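S.K.: Okay, predicted coordinates and the sequence, questions at the end:
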Amino acid sequence: MAQDDPKASNGWAHPWGRQAADTCVPQLSVIVPTFNERDNVALLVARLAAALPHAAWEVIFVDDNSPDGTAAAARRLAQTDPRVRCLRRIGRRGLAGACIEGLLASSALAVAIMDGDLQHDETQLPTMLTAIERGADLVVGTRFACGSDAVGGLSRVRQLGTRLATMTARRLLGVQLSDPLSGFFMIRRDVFEAVAPRLSTQGFKLLLDIVVSCREPLEIVELPCEFRARRHGHSKLDTLVVFEFLGLLVAKLSGDWLSIRFVGFALVGATGLVVHLWALQQALYFGLAFDWAQTTAAYLAMTSNFVLNNQLTYRDRRLKGWAAVGGLLTFYLVCSVGTVANVGVANWIYGSRPSWWLAGTAGAVMGLVFNYAASSVLTWQRG
């Protein structure tokens with residue numbers, strides 16, 4: 001390539017650049033998961049165009065059926081700019097799932113994930129792409145390496161929580177990244193394609209899932225990045241992220257034998273035990289007969305479990321209105337049958353091997369598995 005070719009200084013000397021230019025296949029796909037980000041769509045596209053003037057790029061907005069018209073805003077841009085695409089998801093929710101669908105819809109040689117709230121520094125994309133072209137498998141925009149600035153976009157509480165979660169992930173899962181919870185990264189598409197079948201569509205922390213799930217060592221580059229304050233809209237991150245993060249940790253520690261949703265269901269079940277014991281104690285204190293006290297406590301625990309599972313474990317299938325009432329009734333039925341399974345397995349094991357703790361544990365596990373499987377089909381069935 002001639003030295004006076006303007007593309008020569010922007011990574012196009014690499015074979016990837018020639019392939020992208022010759023076949024019109026984008027060199028880079030930027031995947032942007034969205035929910036109620038209508039006011040940011042046009043701003044983000046303009047910023048991408050300014051940051052990537054010499055690269056063949058596209059942006060894929062993956063919208064979880066935002067009620068504010070985010071998908072419509074993206075499609076209006078797509079009518080005049082072929083670099084803009086939109087995937088509208090109906091009946092499916094969740095950041096990780098949206099990112100995975102967007103990544104799998106790309107034909108580019110490199111794919112980047114960034115938020116639609118303008119907090120990530122799009123001017124770093126050319127540098128990240130250059131690192132990929134030079135042999136990196138994964139480039140992470142880190143908020144906590146030397147030279148990074150996360151002050152503008154993270155409150156003190158979120159900074160503390162993120163650092164604590166990072167320390168936990170590094171110690172329990174052996175991840176060495178300074179910011180494994182980053183939502184701003186770029187990866188070779190072939191690397192992602194290889195690991196995609198092992199990824200969870202639940203939760204928020206796709207980068208951590210990718211790094212832990214890859215069976216081959218990755219060539220990783222960390223790039224200090226500014227994390228800006230949000231301009232429009234409201235953050236989608238809340239205390240539920242902690243719940244899903246714990247589920248991801250346990251799932252990965254189990255070697256993916258346990259799903260994130262099952263772990264969440266089990267955690268909610270543990271809180272149900274606390275509710276049951278508290279309710280039983282209160283009922284007995286007020287003079288209720290034990291049988292009635294036990295029954296009351298059981299249904300209070302079931303109700304608590306339903307509410308928490310509906311808000312946390314099945315937040316992507318959350319039931320509302322009369323559907324929630326019907327779901328509660330089916331959950332009562334499922335848990336009642338699960339109790340029979342619990343007692344039956346416990347009695348069978350105790351009869352063959354008189355160990356109360358083994359029989360009780362086996363019965364509880366059987367009841368948990370049955371309740372999870374049955375409620376997934378009957379209570380929170382996909383629409």
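M.R.: Good, I have the coordinates. Numbering: from 1, shown residues only.
S.K.: Reduced to three states, what does residue 90 come out as?
M.R.: Here residue 90 is recorded as coil under DSSP: H, G, I helix; E, B strand; the rest coil.
S.K.: Okay, it and residue 315: tell me how far apart.
M.R.: In this view, residue 90 and residue 315 are 16 Å apart by Cβ to Cβ, to the nearest Å. Where C-beta positions appear, they are placed from N, C-alpha and C, glycine not excepted.
S.K.: In terms of neighbours, single out the busier of those two.
M.R.: Comparing residue 90 with residue 315 by other Cβ atoms under 10 Å, the one with more neighbours is residue 315, at 16 against 10.
S.K.: doesn't residue 97 make contact with that one?
M.R.: No: assessed by Cβ atoms under 8 Å, residue 315 is found out of contact with residue 97, at 11.7 Å.
S.K.: model confidence over stretch 297-310, on average?
M.R.: Across stretch 297-310, the average pLDDT comes to 91.
S.K.: Quick check: beta-bridge partners of residue 220?
M.R.: residue 138 (DSSP bridges).
S.K.: That one and residue 136 touch, don't they?
M.R.: Yes: counting by Cβ under 8 Å, residue 136 is a contact partner of residue 220 at 6.9 Å.
S.K.: more crowded one of those two?
M.R.: Higher neighbour count among residue 220 and residue 136: residue 136, with 22 against 17, using other Cβ under 10 Å.
S.K.: how many other residues sit next to the residue nearest to residue 312 when sequence neighbours are not counted?
M.R.: Spatial nearest neighbour of residue 312, chain neighbours left out: residue 243 (5.1 Å); criterion: Cβ to Cβ, 6 or more residues apart in numbering. Number of residues near residue 243 (other Cβ under 10 Å) recorded here: 21.
S.K.: Go through stretch 279-286 and flag the buried ones.
M.R.: By 16 or more other Cβ atoms under 10 Å, the buried positions in stretch 279-286 come out as 279-280, 283.
S.K.: what's the answer for stretch 285-294, then?
M.R.: 288, 293-294.
S.K.: what's the closest of those to residue 86?
M.R.: Taking Cβ to Cβ as the measure, residue 86 sits nearest to residue 294 out of those, at 53.6 Å.
S.K.: ok, that closest one - contacts?
M.R.: Neighbouring residues of residue 294 by Cβ atoms under 8 Å, 6 or more residues apart in numbering: residue 280.
S.K.: Give me the distance between it and residue 278.
M.R.: Here the distance between residue 294 and residue 278 works out to 13 Å (Cβ to Cβ).
S.K.: May I ask which helix or strand encompasses residue 62?
M.R.: strand 57-63 (DSSP states H and E).
S.K.: Give me the contacts around that strand.
M.R.: Against strand 57-63 from outside (Cβ under 8 Å, 6+ apart): 26-35, 41, 44-45, 48, 70-71, 74, 83-89, 98-99, 101-102, 105-106, 108, 116.
S.K.: taking those residues one by one, which sit in helices?
M.R.: 41, 44-45, 48, 70-71, 74, 98-99, 101-102 (DSSP state H).
S.K.: between these, which has the most around it?
M.R.: Most surrounded of the ones in helices among the contacts of strand 57-63: other Cβ under 10 Å gives residue 74, at 29 neighbours.
S.K.: from memory that one sits against residue 41, does it?
M.R.: Yes: counting by Cβ under 8 Å, residue 41 is a contact partner of residue 74 at 5.3 Å.
S.K.: Are there residues contacting both of those two? Which ones?
M.R.: 34, 61.
S.K.: Return the distance of the residue located most distally from the centre of the chain relative to residue 277.
M.R.: What lies farthest from the middle of the chain is residue 287; by Cα atoms, centre = their mean that is 46.8 Å. Residue 287 sits 18 Å away from residue 277, taking Cβ to Cβ as the criterion.
S.K.: same question, residue 50
M.R.: 60 Å.
S.K.: How about residue 271?
M.R.: 11 Å.
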